[in-house]
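>>> fold the following.
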Amino acid sequence: MRESLMILTFNFNRTMEKAIIMIATVMLMCGCIESHEGVSVAAGTKRVRFEVSNDEWNVATRALEADGVEMTDLWLFDYKDGVLVRTLHKSQGDVDFDSPTLQMDYGEHHVYMVASRGKTPSVEGTEITWATPSDTFWKDVTVTVSDGSSSNVTVTLNRVATKIRVTVTDEVPAGVASLVITPGAWWYGLDYTTGAAIESRNNERSITVPSSYIGTAGQLTVNIFGMSDSDEWVTDVTIEAKKADGDVLGSVALVDVPFLRNRVTEASGSLFGASRTFMVSLNEE
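So this is what the prediction gives:
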């Protein structure tokens with residue numbers, strides 16, 4: 001009886017040992033085993049690094065910049081099967097600002113990327129708006145993650161901003177404190193899943209004029225950025241020179257001024273003379 005009991009116990013233990021091995025194997029295959037540090041490790045994921053740039057990326061300094069000015073914010077919105085699975089926001093000064101990484105599940109992803117230096121950004125749903133928009137770049141990147149896929153993805157972002165540059169050609173009189181640009185329509189945000197411009201307003205944009213420009217001619221130039229769709233659009237634009245107390249010293253109204261993403265609309269002319277005539281030209285560079 002004792003021998004039979006010992007044999008039965010031995011067989012039971014061997015069975016349990018096999019069962020434990022089988023369970024552990026299945027858990028490893030499913031990516032469900034915890035590491036010794038207690039952190040769950042999924043077998044079906046990979047860490048992917050995104051090497052981000054634009055056409056004006058500064059290779060020497062590794063700065064994500066345009067026209068010599070670095071972006072201040074970078075967002076990555078990772079979608080899988082049409083569902084947002086993670087969001088990553090990087091700020092200027094982060095060591096991986098131009099090369100962020102995402103832990104991504106195996107399968108096909110759309111990673112929507114936005115780099116901007118607009119002021120006071122706000123993200124709500126799929127929309128990003130800025131209190132003051134500035135130069136902004138965007139890209140919809142399709143990434144397929146698998147065991148054999150690359151862990152590095154190179155991405156070149158495309159500009160989705162437009163800009164109006166105003167140059168006053170006549171002499172700036174004493175008392176001018178600001179130039180105020182008021183477009184009839186101006187886009188303050190974008191839908192990051194499509195890159196489309198959103199949030200149209202006709203807010204006036206005021207730019208302080210340093211006193212050093214008083215008495216100069218052809219040197220005073222100001223500009224404002226806004227978002228733009230890929231199709232050209234037009235709006236009226238009013239340009240005013242104001243004193244510190246708000247009194248207007250000179251103004252001009254421009255009709256049907258054309259705008260397009262990745263293009264500068266240049267307006268130049270006399271603001272204080274009797275004619276107050278401005279010419280509009282387009283800079284594709």
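>>> list the contacts for Gly107?
By CB atoms under 8 Å, 6 or more residues apart in numbering, Gly107 lies in contact with Lys80, Asp81, Thr144, Val145. In this view, the C-beta of every residue, glycine as well, is placed from N, C-alpha and C.
>>> helices - which of those land there?
With helices taken from DSSP state H, there is no overlap with these.
>>> and the strands in the stretch 151-285 of the chain, which stretches?
Along the stretch 151-285 of the chain, counting by DSSP state E, counting those that start in this stretch, strands occupy 152-156, 158-159, 161-168, 178-183, 186-191, 196-201, 205-208, 220-227, 233-242, 248-259, 264-269, 278-283.
>>> dump those into JSON lines; add mean neighbour count as well.
Shown next, in JSON lines, are the strands of the stretch 151-285 of the chain (neighbours: other CB atoms under 10 Å):
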{"stretch": "strand 152-156", "mean neighbour count": "14"}
{"stretch": "strand 158-159", "mean neighbour count": "16"}
{"stretch": "strand 161-168", "mean neighbour count": "22"}
{"stretch": "strand 178-183", "mean neighbour count": "19"}
{"stretch": "strand 186-191", "mean neighbour count": "23"}
{"stretch": "strand 196-201", "mean neighbour count": "17"}
{"stretch": "strand 205-208", "mean neighbour count": "15"}
{"stretch": "strand 220-227", "mean neighbour count": "21"}
{"stretch": "strand 233-242", "mean neighbour count": "18"}
{"stretch": "strand 248-259", "mean neighbour count": "16"}
{"stretch": "strand 264-269", "mean neighbour count": "19"}
{"stretch": "strand 278-283", "mean neighbour count": "13"}
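>>> could you export the ones you listed to JSON lines, including columns for distance to Thr126 and mean pLDDT?
Converted to JSON lines, these look like this (distance: least, CB to CB, whole Å; pLDDT from 0 to 100):
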{"stretch": "strand 152-156", "distance to Thr126": "19", "mean pLDDT": "93"}
{"stretch": "strand 158-159", "distance to Thr126": "18", "mean pLDDT": "94"}
{"stretch": "strand 161-168", "distance to Thr126": "18", "mean pLDDT": "97"}
{"stretch": "strand 178-183", "distance to Thr126": "25", "mean pLDDT": "97"}
{"stretch": "strand 186-191", "distance to Thr126": "5", "mean pLDDT": "97"}
{"stretch": "strand 196-201", "distance to Thr126": "10", "mean pLDDT": "93"}
{"stretch": "strand 205-208", "distance to Thr126": "26", "mean pLDDT": "96"}
{"stretch": "strand 220-227", "distance to Thr126": "14", "mean pLDDT": "97"}
{"stretch": "strand 233-242", "distance to Thr126": "22", "mean pLDDT": "97"}
{"stretch": "strand 248-259", "distance to Thr126": "23", "mean pLDDT": "96"}
{"stretch": "strand 264-269", "distance to Thr126": "28", "mean pLDDT": "97"}
{"stretch": "strand 278-283", "distance to Thr126": "31", "mean pLDDT": "93"}
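>>> with distance to Glu108 added, can I get these in JSON lines?
Output for the strands of the stretch 151-285 of the chain, formatted as JSON lines (distance: least, CB to CB, whole Å):
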{"stretch": "strand 152-156", "distance to Glu108": "13"}
{"stretch": "strand 158-159", "distance to Glu108": "21"}
{"stretch": "strand 161-168", "distance to Glu108": "29"}
{"stretch": "strand 178-183", "distance to Glu108": "40"}
{"stretch": "strand 186-191", "distance to Glu108": "21"}
{"stretch": "strand 196-201", "distance to Glu108": "23"}
{"stretch": "strand 205-208", "distance to Glu108": "41"}
{"stretch": "strand 220-227", "distance to Glu108": "28"}
{"stretch": "strand 233-242", "distance to Glu108": "34"}
{"stretch": "strand 248-259", "distance to Glu108": "35"}
{"stretch": "strand 264-269", "distance to Glu108": "37"}
{"stretch": "strand 278-283", "distance to Glu108": "39"}
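>>> which of those sits closest to Trp75?
Among these, strand 186-191 comes nearest to Trp75, with 10.9 Å by CB to CB.
>>> give me the contacts around the closest one.
Where contact means CB under 8 Å, 6+ apart, the residues beyond strand 186-191 that reach it are 114, 126-131, 133, 136, 138, 160, 196-203, 205, 224, 226-228, 235.
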